[in-house]
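**Student:** sequence first, then the predicted structure:
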Amino acid sequence: MKAQIQKVVEERILDELTGINSREVTRESFRTLLRNGSMEDREIEIEEPARSKPTIMMQDGMPSEMLTRLDKMLTIQRSGSSKRRMSVREARSILEDVEADKLITDEMILKQAVDAVEQDGIVFIDEIDKICTPSNYRHGADASSEGVQRDLLPLIEGSTISTKRGNVNTDHILFVASGAFHQCKPSDLMAELQGRLPIRVELKGLTEADLYKILTVPETNLVKQHIELLRTEGVTLNITNNALLEIAHVAAEINTSVENIGARRLHTVLERILEEVSFGAPEMSGQ
């Protein structure tokens, strides 16, 4: 398609340089000069379409389809073109855009997008353990988790689903799932779902040493963030290395005894330790 657009643009530029009714010999000689780059600074007059569009922001309660129709209506009202003199170099990019708009339709873009999704699509399902309950716990609202799994199963196995952009076949889409599985196990998922989502990678929980690295290695770690935050209030915060080791130890202990939420535990521990300092920072300015 790119070669086709370039060919059409070249012919339009030659029409402006030599005239539509020019002799073939003259046209070919100008074509040679044009391809050699000798005509890039020559000025020609072309029709430049009006392309300005207002930015339409999404409003609550206003359907996107309505915004699309309004945008198209405004575009039609602004449609038109104006003649302007410019260099061949500048005209080429404008003409390429004009010809591309003629060749590329919304239907063509939509079809290519659907084909790309069907052949190369990757869907990542995070926290899949949230729709999984222990095998010995099947009552109340948690009983609906199995229903969600049953609805998810046809998509992963491969089926045709209806979307506002048309039907999409999921046969060749790669589905990747992850979950912490603190209160349940992957084996608690439906047997059919387990077969479609085999365990490829199993991660271990963060150790005390890992939590210490998270507090010290990143350039903008949590400790530095709190130091800079208090500095805006005129408070100088100094946290020693022994204190960091103890914070990592406490976070690891709570993750083991209460609930393992990973590195997010560091944020909770630091907030609790610095709670009094944070709230009293305006009165501690200069300390």
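**Tutor:** Yes, it's here. Please read these numbers as outputs of a predicted model, since none were measured by experiment.

**Student:** any low-confidence regions in the stretch 51-200 of the chain?
**Tutor:** Low-confidence segments of the stretch 51-200 of the chain, defined by pLDDT under 70, span residues 51-81, 135-143.

**Student:** mind listing the helices for it?
**Tutor:** Per DSSP state H, counting those that start in this stretch, the stretch 51-200 of the chain carries helices over the ranges 64-77, 88-103, 106-120, 144-157, 191-196.

**Student:** what's the closest of the ones you listed to residue 180?
**Tutor:** Closest of the helices of the stretch 51-200 of the chain to residue 180 is helix 144-157, at 15.3 Å (criterion: CB to CB). Using the backbone N, CA and C atoms, a C-beta is placed for each residue, glycine as well.

**Student:** for the closest one, buried residues please.
**Tutor:** 145-146, 149, 152, 155-156 (16 or more other CB atoms under 10 Å).

**Student:** nearest to residue 211 among the residues you listed?
**Tutor:** Using CB to CB, the buried residues of helix 144-157 come closest to residue 211 at residue 145, 31.1 Å.

**Student:** the closest one: what's it in contact with?
**Tutor:** 130-133 (CB atoms under 8 Å, 6 or more residues apart in numbering).

**Student:** do residue 206 as well
**Tutor:** 214, 252, 255, 262-263.

**Student:** is it true that residue 186 touches residue 193?
**Tutor:** No. Look at residue 186 against residue 193 with CB atoms under 8 Å: they stay out of range, at 9.4 Å.

**Student:** which of the contacts of residue 145 count as buried?
**Tutor:** Buried among the contacts of residue 145 (16+ other CB under 10 Å): 131-133.

**Student:** quick check, nearest of these to residue 233?
**Tutor:** Looking across the buried ones among the contacts of residue 145 and measuring by CB to CB, the closest to residue 233 is residue 131, at 44.0 Å.

**Student:** select only the buried ones of the contacts of residue 206 in ChimeraX?
**Tutor:** Buried residues among the contacts of residue 206 (16+ other CB under 10 Å), as a ChimeraX selection:
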select :214,252,255
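
**Student:** re the thing from before, so residue 186 and residue 193 - more neighbours on which side?
**Tutor:** residue 193 (20 against 17; other CB atoms under 10 Å).

**Student:** how close does that one get to residue 179?
**Tutor:** 12 Å (CB to CB, to the nearest Å).

**Student:** sounds good, over and out.
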